[in-house]
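*Asks:* Could you work out the structure for the sequence below:
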Amino acid sequence: MTRDLAVEVLRDPSHGFTGVPPRQDGPPATPAGEPPAKLHVKLYPSGRDGLSVIASVPHAPARETKPWHQARLEVSPEELLDRANRLRAIWRDQVVHHQSTAPGYGQRVGGYPLAESVDLTELRPLTEPLVAKLADEGFDLLQVMLDGTGYDLGRFREYLLSALTGGQPLRISFESEWQLPWPMLAVDPAECPSPWEAFLGHRHQIEQADPGYAWDHAPLGRRELATTSLNKDTALDHVGRAHEVHKLLEERSRLIVRTRGSDLLEALSHAVLHEDVMYFWCHGRFVSTGASSQLLAVRLSDTEDLDGPVVQRKRRPYGRGPVARFKPFVLLNACHSAKAADPGRLKHLGQTLISLGADGVLAPQIEIPQIFATEYAYAFLDHYLTGRHTAGEIGQSLVRRFARDFHNPLALTYSLNCGINSRLDLAS
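*Replies:* Numbers count the residues shown, from 1 in each chain. Okay, the predicted model is just below:
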């Protein structure tokens, strides 16, 4: 059966390690306190093995006769996904797995300097050309997606690139069965003041949107404190700032700590989950489910694999009725956990949490260094628990902070699956 594909555009004195700067007022407000304009881009199937894209015009005037831009893409879904996986592999191999071949201050030959510290200021001779290369690769993927000779595609490409390179930040929702590492894509670095500013995740707030209808969850009523959960592998308790993240949650929320997968599954088996924020601090891994299929799963301190199907099974009796509630914002701090399953395959954990009602899932696209992951989690949760900023605002702000203060690009690997407008709300 033929389907259509659309896009809618609506100095470090410690020599190698410092903490995230103290919390300030948070992400900068937009002019006049108004949120950035919204761009909605949708990729959808078109014909046999084809894709189409549709994009909205932010704040289109009433007289606008064409509030949407639409075209058929000339790249196949398979090539687009292969290119996306290639981009993830480049980041993994050249950033996370980069090995030192010459001794430096506080470093060892054969070590992984870009993964063993958060502050990479003293490694700028290494990181600056590397970031320039990563920006070129991100731009190449965007070009591959939009490449073609068709007239409509040419006009669409002109419009979308103009919107992405404009001087004003946008809130961009990408809706697609084919989930790309959108923050890691880039506009032309040659047209930007620096390669850092080419990345979409640096320029804009980005989310992978979900086309499903929202539903009314069972209300919790007004509360004085948020309820959070820390779902962790105790083997990671002494990594980086993991203890400080635990303390932060303990001091500023009603904290539930789980170290066994069975305890999490028990909590999910109840109709109402009283959690505003669900934080996972554990390992993610791909489990084989057949000759050519893999499923992403995470583990806490036990051997229970937590994946999409088992979580869905625990929630299946409740559906989307008004007597059930599963609406946490999820920080899934486990390797690869933002990567989505290909269309037609079993959904990965993050995708399943969204389908069950989660307000948003923030997770890394690639293998993430544990020290960096704790720094990122502390910074994000510190802002989110104030209730003053949305997840989209905080995510973009952290990309810019880690780039500016630490010359570290890894915040770009964290992607939002929904939740761009998610904000802690204690008046549910």
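*Asks:* hey, where'd the helices end up in the stretch 251-400 of the chain?
*Replies:* Counting by DSSP state H, counting those that start in this stretch, the stretch 251-400 of the chain has helices at residues 261-268, 308-315, 349-355, 370-384, 391-406.
*Asks:* strand partners of the helix or strand bottoming out on mean pLDDT in the chain, parallel vs antiparallel please.
*Replies:* Lowest by mean pLDDT, DSSP states H and E among the helices and strands of the chain is strand 283-290, with a mean of 82. Sheet pairing here is set by DSSP bridges, and for strand 283-290 it gives strand 293-299 (antiparallel).
*Asks:* per-residue pLDDT, the closest residue to residue 255 other than its chain neighbours?
*Replies:* Sequence neighbours aside, residue 249 is the residue nearest to residue 255 in space, at 4.8 Å (criterion: Cβ to Cβ, 6 or more residues apart in numbering). All C-beta spots, glycine's among them, are computed from the backbone N, C-alpha and C. What the model reports for residue 249 is a pLDDT of 98.
*Asks:* same thing with residue 45?
*Replies:* pLDDT, residue 45: 88.
*Asks:* Could you measure from residue 235 over to residue 123?
*Replies:* 28 Å (Cβ to Cβ, to the nearest Å).
*Asks:* which one of these two has more residues nearby?
*Replies:* Neighbour count, other Cβ atoms under 10 Å: between residue 235 and residue 123, residue 123 has more, with 21 against 12.
*Asks:* Under the pLDDT cut-off, which ranges of this protein? List them.
*Replies:* For the chain, residues meeting the criterion pLDDT under 70 lie at 1-33, 59-66, 102-110, 290-292, 428.
*Asks:* Which parts of it are strands?
*Replies:* Counting by DSSP state E, the chain has strands at residues 37-45, 51-56, 68-73, 170-175, 205-208, 226-232, 253-258, 277-281, 283-290, 293-299, 329-333, 360-364, 414-417.
*Asks:* still on that earlier bit, quick one: distance of the least confident helix or strand of the chain to the chain centre.
*Replies:* 20 Å (Cα atoms, centre = their mean, to the nearest Å).
*Asks:* same thing with stretch 347-357?
*Replies:* Taking mean C-alpha positions (Cα atoms, centre = their mean), stretch 347-357 and its chain are 14 Å apart.
*Asks:* Stretch 116-125 too?
*Replies:* On Cα atoms, centre = their mean, the centre of stretch 116-125 falls 23 Å from the chain's centre.
*Asks:* Could you shift the numbering so residue one becomes 25, and keep it that way?
*Replies:* In the new count, where the first residue is 25, that last one comes out as stretch 140-149.
*Asks:* If you count neighbours, what's buried in that stretch?
*Replies:* 140, 141, 142, 143, 144, 145, 146, 147 (16 or more other Cβ atoms under 10 Å).
*Asks:* Now for these: which two are most distant?
*Replies:* 140 and 145 (14.1 Å; Cβ to Cβ).
*Asks:* got the helices of the stretch 275-424 of the chain as TSV, with distance to residue 350 and mean neighbour count columns?
*Replies:* Output for the helices of the stretch 275-424 of the chain, formatted as TSV (distance: least, Cβ to Cβ, whole Å; neighbours: other Cβ atoms under 10 Å):
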stretch	distance to residue 350	mean neighbour count
helix 285-292	8	17
helix 332-339	6	18
helix 373-379	8	24
helix 394-408	18	23
helix 415-430	17	22
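*Asks:* Point out the one among those that comes closest to residue 321.
*Replies:* Between residue 321 and these, the tightest spacing by Cβ to Cβ is seen for helix 373-379, at 6.9 Å.
*Asks:* for the closest one, packing partners?
*Replies:* Under the contact criterion of 3 or more Cβ pairs under 8 Å, 6 or more residues apart in numbering; DSSP states H and E, helix 373-379 touches strand 317-323, helix 332-339, strand 353-357, strand 384-388, strand 438-441.
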